[in-house]
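K.L.:
Compute the structure for the input listed below.
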Amino acid sequence: TDTVVPQITEGMVGLLFILLLFTVLIYLLFFNSIFILPVNKLTQQIRSLVSREDYVTMLKIKGGDELSQLASWFNIRTSQLAEAFSKLKKRNKELSDAREMAEQASRSKNIFLASMSHDIRTPMNAIIGLSDVLKKTGLTKDQSQYIQVINSSAQSLLSLINDIMDFSKIEANQLELEAISFDLRQVMDDCADLVFFQTNEKCLEFVYFVSPTVPRYVYGDPNRLRQIILNLTSNAVKFTESGRVELWVEVLSKNDQSSQLLIEVRDTGIGLNKVAQEKLFTPFMQADSSTTRKFGGTGLGLAISKHLADLMGGSIELRSEEGVGTTASFKLKLKLDAKCLLSSRLPNISDPNIFLLGQNHFQNTVIERYLSSMGYSVTIASSVQAWLDFLNTAKNKNCLTICGDFDLLGDLSVLKNQLDVHGRRFDLLCFANESELQELSIEKLKDSLHIQFINYPLKLDSLQAQLNKLTRTDPEENRVNEQPELIA
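P.N.:
Residues are numbered from 1 along each chain as shown. Next up, the predicted model:
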């Protein structure tokens, strides 16, 4: 019995072990057939659909177990996606057709605008030109007013046509820029002449300054640059009822290849609040409806200017305070022409001392900066009496004075008795417009004051040319009885 019990025990253990192995094998076969195989089949179906980017075909379902229910819900989701995909394809087709129609309409519009603008510009230019000629003929006061209305209306319409054409080109990405060599200072001076005319009509003060360090010859598009500047200045004049408009051109940085410029247009106009500033560069938008009614305009000028600035690689920013004024800053980098590398010849100054008579702080600042760049030492007199005291106490044999405020001189004949003219020469360079020059009586002053005139606005080249003429030492070229002239 001692040997039988262990044998029975070993036999039962072996039997149990075999039974356990059989049970595990049966479980594995059951688990594989019931769970693993269906999961693999489901995975293969999904993988096949994904690889074919098939969002329509349903999964094959057998049985009613949990995996079948999962596949059933997957099919429901597939059906929803298929329906949405069908709608999306239909919508894309509609959008594609609409875009094609819009592009065709845009092409037709551009062709129409191009042809119509030419047909409209030709008679408009004739109207403007002939009205300018007609204004110079003998007209009555009423007739002159009628012609002025015709001329200004034609100018406004022509400007509107140009803005619409530019905006159409911008929308069609057909606006191209030139890259030619041009005289930057001449372009700025031309703009200043037009702005001065506009400000003079509204009795506004105009301050114009181009830094002497601004390069003369650069590469770029002079016409588009002129368009941006005139757009900014026209807005400044339009929205300024009193005070002044300023045009400043400075150099931010410069090297042998290029120059970074800062062109600022400042005004003392109505200004803008922050809400109005945010929509200022939006096409066809102005500060508010009352602005459009009072000042007119389409709201295209600034939008076009900003796009042109972006095309040039520059930027336009506005700083404004309601009731105080606005400053428009235009930053632009221009490539230098090789002619800029030639050093400009400074005048040969025999006497670097010069007097400046004027009470206008802004104009005095401009004149003083110009004179300092030429090598002059400037003494400023804010009143006529202070100026006369300077002249009589100065030891200079030749005294040169620049008068920025012609109205300060009053009756010029009074000066003859207050100046010590024995053995001395007094040159007076005055800024005056044509109407002021016509009212002057200077015949009695030829023996004491040698007067020359420069027209507004003040330009660096005109000032330098006139100073060179006044400081020449050749007596034949600097005659005492030299007739006064107006330098534009």
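K.L.:
all contacts plus neighbour counts: C-alpha atoms, from now on.
P.N.:
Fine.
K.L.:
and whichever strand or helix holds Leu160, how far out from the chain's middle?
P.N.:
Per DSSP states H and E, Leu160 falls inside helix 141-171. Distance of helix 141-171 from the chain centroid (Cα atoms, centre = their mean, to the nearest Å) equals 22 Å.
K.L.:
avg pLDDT for it?
P.N.:
Across helix 141-171, pLDDT averages out at 79.
K.L.:
Tell me how far the helix or strand following it lies from the chain's centre.
P.N.:
The helix or strand immediately downstream of helix 141-171 is strand 180-183, counting by DSSP H and E. Taking Cα atoms, centre = their mean, the mean C-alpha location of strand 180-183 is offset from the chain mean by 19 Å.
K.L.:
Any chance you could list what contacts stretch 310-319?
P.N.:
Under the criterion Cα atoms under 8 Å, 6 or more residues apart in numbering, residues Leu177, Gln277, Lys306, Ala309, Thr326, Thr327, Ala328, Ser329, Phe330, Lys331, Leu332, Lys333 lie in contact with stretch 310-319.
K.L.:
And for stretch 237-250?
P.N.:
192, 198-199, 202-211, 213-214, 233, 236, 261-270, 295.
K.L.:
Please narrow the residues you listed to those residing in helices.
P.N.:
Counting by DSSP state H, the part of the contacts of stretch 237-250 found in helices is Ala192, Gln198, Thr199, Thr233, Ala236, Phe295.
K.L.:
By neighbour count, which of the residues you listed wins?
P.N.:
Ala236 (27 neighbours; other Cα atoms under 10 Å).
K.L.:
picking up where we left off before, other SSEs contacting the helix holding Leu160?
P.N.:
helix 66-135, helix 301-311 (3 or more Cα pairs under 8 Å, 6 or more residues apart in numbering; DSSP states H and E).
K.L.:
Deepest-packed of those, please.
P.N.:
With neighbours taken as mean count of other Cα atoms under 10 Å, the helices and strands packed on helix 141-171 reach their highest mean count in helix 301-311, at a mean of 20.
K.L.:
mind listing the strands in this protein by residue range?
P.N.:
Shown for the chain, the strands assigned by DSSP state E span residues 180-183, 205-210, 217-220, 244-254, 258-267, 315-321, 325-336, 353-357, 377-381, 398-403, 425-431, 450-454, 486-487.
K.L.:
least reliable of those strands going by mean pLDDT?
P.N.:
strand 486-487 (a mean of 38).
K.L.:
Can you name the residues that contact Asn273?
P.N.:
Contacts of Asn273 (Cα under 8 Å, 6+ apart): Ser320, Glu321, Glu322.
K.L.:
Figure out how far stretch 120-133 is from the centre of its chain.
P.N.:
Going by Cα atoms, centre = their mean, where stretch 120-133 is centred and where its chain is centred differ by 29 Å.
K.L.:
Name the residues that touch it?
P.N.:
Against stretch 120-133 from outside (Cα under 8 Å, 6+ apart): Ile147, Gln148, Ile150, Asn151, Ala154, Gln155, Leu158.
K.L.:
Can you lay out the residues you listed as a markdown table showing distance to Cys403?
P.N.:
Below are those laid out as a markdown table (distance: Cα to Cα, whole Å):
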| residue | distance to Cys403 |
| --- | --- |
| Ile147 | 37 |
| Gln148 | 34 |
| Ile150 | 39 |
| Asn151 | 36 |
| Ala154 | 39 |
| Gln155 | 36 |
| Leu158 | 39 |
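K.L.:
And those, which of them are buried?
P.N.:
Ile147, Gln148, Ile150, Asn151, Ala154, Gln155, Leu158 (16 or more other Cα atoms under 10 Å).
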